[in-house]
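J.: curious how this folds, go ahead:
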Amino acid sequence: CGLSYIGRVEPANPVYLSFQCGNSRGVALHETLHALGLNHQHLRMDRDQHITLDWSNINPQHFDYFAVADSKMFTTL
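T.: Predicted coordinates:
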């Protein structure tokens, strides 16, 4: 029910929220954090050093949702 690009987008980075979100502050916060540059932890380039994914619990059709982010797109602090 929400959508935002990750990080700075010129000339503006809109945060889209649908009426289907209801009064979900969590979705608004989630999308705002994307706009500020935060990505999901399970997509970090160094995620395999910190977490273990149990691929047997993930539908193979959704493996792409767990692809590690391209290192050229993100930096970590």
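J.: which ones are touching the nearest residue to residue 67 once chain neighbours are set aside?
T.: Among residues not flanking residue 67 along the chain, residue 43 sits closest, at 7.2 Å (Cβ to Cβ, 6 or more residues apart in numbering). All C-beta spots, glycine's among them, are computed from the backbone N, C-alpha and C. Residue 43 makes contact with 66, 67, 68, 69, according to Cβ atoms under 8 Å, 6 or more residues apart in numbering.
J.: and of those, the nearest to residue 9?
T.: residue 69 (16.2 Å; Cβ to Cβ).
J.: so how far is residue 27 from the closest one?
T.: 21 Å (Cβ to Cβ, to the nearest Å).
J.: go on, residue 19?
T.: Counting by Cβ to Cβ, the gap from residue 19 to residue 27 is 12 Å.
J.: intersection of neighbour lists for the two?
T.: By Cβ under 8 Å, 6+ apart, no residue touches both residue 19 and residue 27.
J.: sorry, back to before: distance of the residue nearest to residue 67 from residue 70?
T.: 10 Å.
J.: now residue 7
T.: For residue 7 relative to residue 70 (Cβ to Cβ), the value is 13 Å.
J.: the two - which one has more neighbours?
T.: Under the criterion of other Cβ atoms under 10 Å, the comparison of residue 7 against residue 70 puts residue 7 first, with 14 against 9.
J.: list phi and psi for the more buried one.
T.: phi 80, psi -170 (degrees, to the nearest 10).
J.: next, the contact list for it, please.
T.: 13, 35, 36, 37, 74.
J.: which of these fall in helices?
T.: residue 35 (DSSP state H).
J.: out of the contacts of residue 7, who's nearest residue 50?
T.: Looking across those and measuring by Cβ to Cβ, the closest to residue 50 is residue 74, at 15.2 Å.
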